[in-house]
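Trainee: Okay, predicted coordinates and the sequence, questions at the end:
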Amino acid sequence: MTVSAETIKDLREKTGAGLMDCKRALTDAGGDMERAVDLLRQKGLATAAKKSSRTASEGLIGSYIHMDKIGVLVEVNCETDFVARTDDFRGLVKDIAMHVAAANPQYVSREDVPQDIIEREKDIYRVQVANKPPQVVDKILEGKLEKFYGDVCLLEQVFVKDPEGKQKIKDLITERVAKLGENIVLRRFVRFQLGEGLDKGAACACE
């Protein structure tokens, strides 16, 4: 089928993929924009998987300050300094830092969550589903644990700027891997919030 240049442009702006990739995805999807987006994301996953074993030792440390009340530092690695200097990579780092400020994740990935924290969550969930049929308990527990990961793990969180509320941070990174052609690793972050951890009710030490 023939795909209009305007439709290809719209898909490119929406996904950041190359023109030929957008045209191919729209053709394969029969002109269906949402299906084409899914195809591009699937391709991105395959590309990311191939590149994930490659060393990423360059990159950037990005920062974001929100109203002088919240500050974030985030390290995102790529393979070359050339890619680290591109607007696409810098934009990714900035978006991730802003997301951390807004969403307040506790860990980078689910692999970083301590096992004792996971077991504690499972114990809570088991109490919550104690009256459910045994054959569905495991599935419910799995679903609750997935939601927990989505709440506390940066890579599993839904990107705060995604208007559809579907794209996770790991999907955002996968898209950049496909576009920039290098392995990209979100290594670490730190988030500061003014007054965090202070006992605001305590008397001033100078009194």
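Mentor: Happy to help now that I have it.
Trainee: Contacts only, for the most centrally placed residue in the chain.
Mentor: Geometric centre of the chain, nearest residue: Ile169, 1.0 Å, by C-alpha atoms, centre = their mean. Contacts for Ile169 were tallied using C-beta atoms under 8 Å, 6 or more residues apart in numbering; they are Ile96, His99, Leu154, Leu155, Glu156, Gln157, Phe159, Leu186. For the C-beta atoms, the positions are set from N, CA and C on the backbone; glycine is no exception.
Trainee: which one of the residues you listed sits closest to Asp10?
Mentor: Phe159 (19.7 Å; C-beta to C-beta).
Trainee: Backbone dihedrals for that closest one, please?
Mentor: In terms of degrees, to the nearest 10, the main-chain angles of Phe159 are phi -60, psi 130.
Trainee: And for it, nearest residue in space, chain neighbours not counted?
Mentor: Distances taken as C-beta to C-beta, 6 or more residues apart in numbering put Gln167 closest to Phe159, at 4.9 Å, once the chain neighbours are dropped.
Trainee: hmm, back to that, tell me, what's the model's pLDDT at the residue nearest to the centre of the chain?
Mentor: Looking at Ile169, its pLDDT stands at 95.
Trainee: go on, Ala103?
Mentor: In this prediction, Ala103 carries a pLDDT score of 97.
Trainee: One more: the one 5 residues further on?
Mentor: Reading off the confidence values, Val108 has pLDDT 97.
Trainee: Equivalent analysis for Leu180, please.
Mentor: 85.
Trainee: do the same with Ala36
Mentor: The model's pLDDT for Ala36 equals 85.
Trainee: Now for it: which residues touch it?
Mentor: With C-beta under 8 Å, 6+ apart as the criterion, the residues that contact Ala36 are Leu11, Cys22, Ala25, Leu26, Asp28, Ala29.
Trainee: Using JSON lines, lay out the residues you listed together with distance to Leu141.
Mentor: Written out in JSON lines, the entries for these read as follows (distance: C-beta to C-beta, whole Å):
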{"residue": "Leu11", "distance to Leu141": "39"}
{"residue": "Cys22", "distance to Leu141": "41"}
{"residue": "Ala25", "distance to Leu141": "37"}
{"residue": "Leu26", "distance to Leu141": "41"}
{"residue": "Asp28", "distance to Leu141": "38"}
{"residue": "Ala29", "distance to Leu141": "36"}
